[in-house]
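**Q** With the input below, show me the fold.
(one chain, ligands or ions: 1)
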Amino acid sequence: MTWTHDFTSSPEASLAGSLRKDFYWGYATAAAQVEGAWNADGKGESIWDRFCHTPGKVHDGSTNEDAARSYDLYKEDVQLMKSYGVTAYRFSLAWSRIIPLGGADDPVNEKGVQYYNNLIDELLANGITPFVTLFHWDIPQMLEERYGGMLNQERYTPDFLRYARVCFERFGDRVKHWITYNEPGVYTLAGYAAGVHAPARSSFRERNEEGDSSTEPFIVGHTEIVTHARAAKMYREEFKPSQKGEIGITLHGNYSEPWDAEDPVHVAAAERAREFEIAWYADPIYGSGDYPQSMRDQLGDRLPTFTEEEKELVKGSSDFYGMNSYTTFFIKNLDGPTDINDHLGNVEKLDTNSKGESRGPESDTYWLRTAPWGYGKLLRWVWNRYQTPIYLTENGTTAKGETEPSEEILNDTFRIDFYRGYLSEVAKAVQDGVDIRSYFGWTFTDNWEWAAGYSDRFGVTYVDFDTPEKKRYPKRSAYFNRDFFNHLIAKA
Ligand code: PNW
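**A** Numbers count the residues shown, from 1 in each chain. Presented below is the predicted three-dimensional model:
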């Protein structure tokens, strides 16, 4: 099946050539979601391996033992990506594949290093630029057991820095775009506040045996910010002079729109929600150099404080603003006392506003609705507040009814409409002066969507998970994006 798209007499005609000619575009993935080979060739156990082998944790009862088998099929995958016209690929390294036990004094697994060398070489040989994430949620299980992982900043720091050093040493001659952490905020909130992701800690005893949702997310977040900054400092001092790459962090953040834009109470609530979700991480790194006042006001001492040394280190520690965003919510102020476990800023997140308008059409994922209108606002909010070049590192959607790779289902018009809307917002924001330098769709193939298992299909490629071959079938959106980027990116 070949699908092509022409934009010359479309509503998007005026967006032609709006993106810089060296704009990077492609797809993003995460090791634990695509590689499979969960214990092959010396790989150690990660907290997600432990989580998915614990009954009751993953909605469809699945594990990521095989996932999309990209560990075995990487050559085929690179060819498929090439046929989609991408210029870059964002993937993450599995720490426990490289250092199976994780610690600063634990041995390096040469077979794991070899796999990533092969992948990087294959990408470069096919003209695809690698963007590499060090940490996409899969901390080695052993570090969790030894000292509680990121809850113990003192013990965790040398382990993370050694892991980062090994990666810079082994891959930095060819990798020029490094991301330390993927979405520290989702890692803390899902793993330590809600307890629905690994390492499965929260205050809710019906769900988790241990944890404290009112304190641990903020401790873990602090560890991530400070160790991101230490890794960036190490890279800049010891590797950048010869390797000449860049390093940054990727933050999540959906847009928060006031439930009633006419009412200052809800307008303030929406700004507070943006601060709790985004500025929590972004203000220390790109902005004021400290946590937002709204968070300090609500959380008091439960929010850690940066030492002077840490503040210096953290501010300016990211060369770019890595941004993952999927959707928009309406935000309503909550009256009355704040719940001790609140991490949203004492607000309610709603699907409709005070006029009864919907935030957008439903996907196949409960929190995600198509809302390009909010994406455009978010791009400007981030740019105005932080004035840092933006790398869009994830954006995409699931679609209802993707149950088999039939011709009809592979013609995924719902996902095409999503990309058409969101990418148009990217182009318009650039036309308005926002500095955006990359876009990575989430995601290349259907994969193992964490606690949702194989039920949520985000890929522009359908994967038949029922067969051992994990056969891939391109969806039409893959070709739509190829043609749309060809239209949007300047030629000269
Ligand atoms: C991201 N939210 O997580 C992750 O980086 C990916 O690994 C994941 O597969 C993808 O988005 C799709 O879920 C998020 O609730 C999880 O807003 C939840 C949210 C955002 C991002």
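**Q** Quickly find the element holding Asn341.
**A** For Asn341, there is no host helix or strand (DSSP states H and E).
**Q** burial measure for it, as a count.
**A** 15 (other CB atoms under 10 Å). No exception for glycine: its C-beta is placed from N, CA and C like everyone else's.
**Q** OK, contacts around the residue nearest to it when sequence neighbours are not counted?
**A** Nearest non-adjacent residue to Asn341, counting by CB to CB, 6 or more residues apart in numbering: Ser213, 4.3 Å away. Residues in contact with Ser213 (CB atoms under 8 Å, 6 or more residues apart in numbering) are 192-195, 202-204, 341, 343.
**Q** Ser213 in helix, strand or coil?
**A** coil (DSSP: H, G, I helix; E, B strand; the rest coil).
**Q** Can stretch 40-52 be said to contact the ligand?
**A** No. Stretch 40-52 does not reach the ligand (CB under 6 Å from any ligand atom); its nearest approach is 10.6 Å.
**Q** where's that stretch relative to the chain centroid, distance-wise?
**A** Here stretch 40-52 is found 20 Å from its chain centre; the criterion is CA atoms, centre = their mean, to the nearest Å.
**Q** The residue nearest to Asn341 and the ligand, how far apart?
**A** Ser213 is 16 Å from the ligand, where distance means CB to the nearest ligand atom, to the nearest Å.
**Q** ok, now how distant is Ala40 from the ligand?
**A** Distance from Ala40 to the ligand, by CB to the nearest ligand atom: 21 Å.
**Q** What's the local residue count around that residue?
**A** Residues within reach of Ala40, counting by other CB under 10 Å, total 15.
**Q** for the contacts of Ser213, which one is nearest Pro130?
**A** Taking CB to CB as the measure, Pro130 lies nearest Tyr192 of these, at 30.4 Å.
**Q** quick one, what contacts Thr2?
**A** Thr2 is in contact with Tyr479, counting by CB under 8 Å, 6+ apart.
**Q** Report pLDDT for it.
**A** Reported pLDDT at Thr2 in the predicted model: 74.
**Q** Which secondary structure state is assigned to Ser96?
**A** helix.
**Q** Counting neighbours, what do you get for the residue nearest to it when sequence neighbours are not counted?
**A** When the adjacent residues along the chain are set aside, Ser96 lies closest to Gly44, with 3.8 Å between them (CB to CB, 6+ apart). If you count neighbours by other CB under 10 Å, Gly44 ends up with 23.
**Q** what's the answer for Asp66, then?
**A** 17.
**Q** Check Ser203 too.
**A** Neighbours around Ser203, by other CB under 10 Å: 18.
**Q** Please, which helix or strand holds it?
**A** With DSSP H and E as the criterion, the answer for Ser203 is that it lies in no helix or strand.
**Q** Now that we're looking at it, what pLDDT does it have?
**A** pLDDT, read off for Ser203, is 98.
**Q** How about the contacts made by it?
**A** Ser203 makes contact with 211-214, 341, according to CB under 8 Å, 6+ apart.
**Q** so can I have CSV of these showing pLDDT and distance to Gly245?
**A** Formatted as CSV, these follow (pLDDT from 0 to 100; distance: CB to CB, whole Å):
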residue, pLDDT, distance to Gly245
Gly211, 98, 37
Asp212, 98, 38
Ser213, 98, 37
Ser214, 98, 39
Asn341, 98, 40
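**Q** about what we covered before: from the contacts of Ser213, which is closest to Thr397?
**A** Ala194 (21.8 Å).
**Q** contacting residues around the residue nearest to the closest one when sequence neighbours are not counted?
**A** Closest residue to Ala194 apart from its sequence neighbours, by CB to CB, 6+ apart: Ser202 at 6.1 Å. By CB under 8 Å, 6+ apart, Ser202 lies in contact with 192-195, 208, 211-213.
**Q** most neighbours, which of these?
**A** With neighbours defined as other CB under 10 Å, the most crowded of the contacts of Ser202 is Tyr192; it has 29 neighbours.
**Q** Next one: it from Trp137, what distance?
**A** Here Tyr192 is placed at a distance of 12 Å from Trp137 (CB to CB, to the nearest Å).
**Q** same thing with Glu216?
**A** 16 Å.
**Q** Ok, Arg50 next?
**A** 13 Å.
**Q** ok, Lys311 - how many residues close by?
**A** Neighbours of Lys311 (other CB under 10 Å): 16.
**Q** which residues sit in contact with it?
**A** Taking CB under 8 Å, 6+ apart, one finds 284, 289-290 in contact with Lys311.
**Q** I only care about the residues you listed that end up buried; give me the PyMOL line for that.
**A** To isolate the buried ones among those in PyMOL, judged by 16 or more other CB atoms under 10 Å, type:
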select buried, resi 284
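**Q** Now name the helix or strand holding whichever residue of the stretch 301-450 of the chain sits closest to the ligand.
**A** Among the residues of the stretch 301-450 of the chain, Trp367 lies closest to the ligand, at 4.4 Å counting by CB to the nearest ligand atom. For Trp367, there is no enclosing helix or strand under DSSP H and E.
**Q** and it, how far is that from Ala452?
**A** Trp367 is 11 Å from Ala452, by CB to CB.
**Q** Please say which of the two ends up with more neighbours.
**A** Using other CB under 10 Å as the criterion, Trp367 and Ala452 rank with Ala452 on top: 19 against 11.
**Q** Could you find the closest non-adjacent residue to the more buried one?
**A** His59 (5.5 Å).
**Q** Checking that neighbour next. Helix, strand or coil?
**A** What three-state DSSP gives for His59 is coil.
**Q** got a list of what it touches?
**A** 451-453, 455.
**Q** Dump these into a markdown table; add pLDDT, secondary structure and distance to the ligand as well.
**A** Output for the contacts of His59, formatted as a markdown table (pLDDT from 0 to 100; DSSP: H, G, I helix; E, B strand; the rest coil; distance: CB to the nearest ligand atom, whole Å):
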| residue | pLDDT | secondary structure | distance to the ligand |
| --- | --- | --- | --- |
| Ala451 | 98 | helix | 10 |
| Ala452 | 98 | helix | 8 |
| Gly453 | 98 | coil | 12 |
| Ser455 | 95 | coil | 12 |
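**Q** picking that back up, what about the residue nearest to Ala452, distance to the ligand?
**A** 13 Å.
**Q** Fine, thanks again, bye for now.
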